[in-house]
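Asks: Structure for the following, please:
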Amino acid sequence: MNILPDLEKIKKTVGDVVTKDLSEFKVSTKEVVREIVTEIFNETKKEINKNMEKLQKKNDKIHEKLDDRIEKLERDNENLKEKLCKAKKEIREIKREMEDAVIVARDAQRKSNYNEQ
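Replies: The predicted structure is shown next:
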């Protein structure tokens, strides 16, 4: 009885099973790795989106505060312009009054000089 051909047949069958199982294991491993990577990517994406939303909210608040400050500064600027115009007007009026006073004083001095002579 020659057992050798049977052993060769068994060896070939076991080799085929191992090769087939190894191929299936590689495919299965690729799928598992793909699923894990996809899950990690999705979780990271969600986290990034959350952080972006937080940053956007902070940015909106800062922008709103800056808008309010700009509006206040614009109002203050307008008020200061009005005060400046009023001050310039008062200065012009005082200058006219001083010029009138100078004219009256000169006239008075001339009259006084004329009366002394």
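
Asks: Just the buried residues of stretch 79-92, please?
Replies: For stretch 79-92, a neighbour-count test (16 or more other Cβ atoms under 10 Å) marks nothing as buried. In this view, the C-beta of every residue, glycine as well, is placed from N, C-alpha and C.

Asks: could you give me the average pLDDT of that stretch?
Replies: Stretch 79-92 shows a mean pLDDT of 97 in the predicted model.

Asks: where exactly do the helices run in the protein?
Replies: 4-116 (DSSP state H).

Asks: Against Glu71, how distant is the residue most central in space within the chain?
Replies: Centrality entry for the chain: nearest residue to the mean C-alpha point is Asn59, 4.7 Å, by Cα atoms, centre = their mean. For Asn59, the distance to Glu71 equals 19 Å [Cβ to Cβ, to the nearest Å].

Asks: Give me the pLDDT for the residue nearest to the centre of the chain.
Replies: For Asn59, the predicted pLDDT is 98.

Asks: Would you quantify the distance from it to Lys65?
Replies: 11 Å.

Asks: re earlier: mind listing what the residue nearest to the centre of the chain touches?
Replies: For Asn59, the contact set (Cβ atoms under 8 Å, 6 or more residues apart in numbering) is empty.

Asks: Measure how buried Glu71 is and give me the count.
Replies: 10 (other Cβ atoms under 10 Å).

Asks: For it, give me the pLDDT.
Replies: 97.

Asks: got it, and Thr19?
Replies: Thr19 is given a pLDDT of 64.
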